[in-house]
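A.B. asks: got a sequence here, can you model it:
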Amino acid sequence: MRAGERDEGAGEAAGAGDGRLGIAELGAEPGERATLVQFSSAFCQPCRATRRILDEVAAMVGGVRHIEIDAEKNLDLVRALGIEKTPTVLVLDAAGRIVRRAAGMPRKADVIAALGAAV
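C.D. replies: A predicted model of the protein is given here:
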């Protein structure tokens, strides 16, 4: 998605059991085709802009859902996934596998391009 991007290959996430994230980990129903998972913190300014960007992309692309997770309230998941800063965005495919991840505020075009790996 831009600087700090990492291709997850097979989508194995440390501590996520079979490498998939579902409703139990996300706290919400994932998208039918893909899910944009954003890890945020309360006082993170770039997190607000990232929320807007991901909401816009999810509204543009059918079957894609944006789920925001409070990093401070979900420390076990943050540690299991190796989240080191906010915002961090994970792109999940329909099966809940992580196919892309990026730290920092993404550009809208980069998010749309990253969805190509998931759908």
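A.B. asks: following element in sequence after the top helix by length along the chain, please.
C.D. replies: Secondary structure of the chain per DSSP state H: the longest helix is helix 45-60. Next helix or strand after helix 45-60 toward the C-terminus (DSSP states H and E): strand 64-70.
A.B. asks: sort out which residues of that next one are buried, please.
C.D. replies: Going by neighbour count (16 or more other C-beta atoms under 10 Å), the buried part of strand 64-70 is 64-69. Placement of C-beta: from N, CA and C, glycine included.
A.B. asks: please, where are all the helices along the protein?
C.D. replies: 23-26, 45-60, 75-81, 108-115.
A.B. asks: which parts of stretch 41-54 are buried?
C.D. replies: 44, 47, 50-51, 53-54.
A.B. asks: repeat for stretch 103-113
C.D. replies: 103-106, 110-112.
A.B. asks: so who does the residue nearest to residue 94 when sequence neighbours are not counted touch?
C.D. replies: Closest residue to residue 94 apart from its sequence neighbours, by C-beta to C-beta, 6 or more residues apart in numbering: residue 33 at 5.5 Å. By C-beta atoms under 8 Å, 6 or more residues apart in numbering, the residues touching residue 33 are 61-64, 94, 118-119.
A.B. asks: next, residue 31: phi, psi?
C.D. replies: Dihedral pair for residue 31: phi -70, psi 160, per degrees, to the nearest 10.
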